[in-house]
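Q: Give me coordinates for this.
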Amino acid sequence: MPDEPSLFSVPTSCLSLCGACLGLKRALLPQLGNFDENYFHYFEETDYCYNARRHGYKVLYVPTSKVIHLVNGSCRNRRRLNSYFLESKAYFDRKWGTGEKASGGKQD
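A: Okay, the predicted model is just below:
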């Protein structure tokens, strides 16, 4: 897809957001609960966003939010990161019964 900055200039409904910049209302916790501890690294925020959407909440990308995320600051071992990703993705797919791309994207 070619660069389209206009796609990122307005709040946009989406499937999931990166946990490094995920903001939640505290009022959601009693209804949605805590993050699923079966995830160690990766997909915990995607799982939470899916759960929020299942309960009728919107998941929004908000372009005015600013975050500096130091990528891979918690683990520098690529092989281990890949293993964590694959394990978490498999758990997510089993839990949600999904084969769809679950790492984000625009939702209608």
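Q: How far away from the center of its chain is the lengthiest helix in the chain?
A: Ranked by residue count and defined by DSSP state H, the top helix of the chain is helix 78-96. With Cα atoms, centre = their mean, to the nearest Å as the basis, helix 78-96 stands 13 Å off its chain's centre.
Q: how about it: buried residues?
A: For helix 78-96, burial by neighbour count (16 or more other Cβ atoms under 10 Å) applies to 84, 87, 88, 89, 91, 92, 96. The way it works is simple: take the backbone N, C-alpha and C, and place the C-beta from them, glycine included.
Q: So which residues make contact with it?
A: Residues outside helix 78-96 that contact it (Cβ atoms under 8 Å, 6 or more residues apart in numbering): 36, 38-44, 46-47, 50, 72, 75, 98-99, 102.
Q: ok, and the most crowded of those?
A: Using other Cβ atoms under 10 Å as the neighbour test, these are led by residue 43, with 27 neighbours.
Q: For that residue, give me its contacts.
A: 88, 89, 91, 92, 102 are the contacts of residue 43 under Cβ under 8 Å, 6+ apart.
Q: Quick check: phi and psi on the residue most central in space within the chain?
A: Centroid check for the chain by Cα atoms, centre = their mean gives residue 46 as the closest residue, at 3.3 Å. Torsion angles at residue 46 (phi, psi; degrees, to the nearest 10) stand at phi -60, psi -40.
Q: what's the closest non-adjacent residue to it?
A: residue 16 (4.1 Å; Cβ to Cβ, 6 or more residues apart in numbering).
Q: Count the residues that sit near the one you found.
A: Neighbours of residue 16 using other Cβ under 10 Å come to 23.
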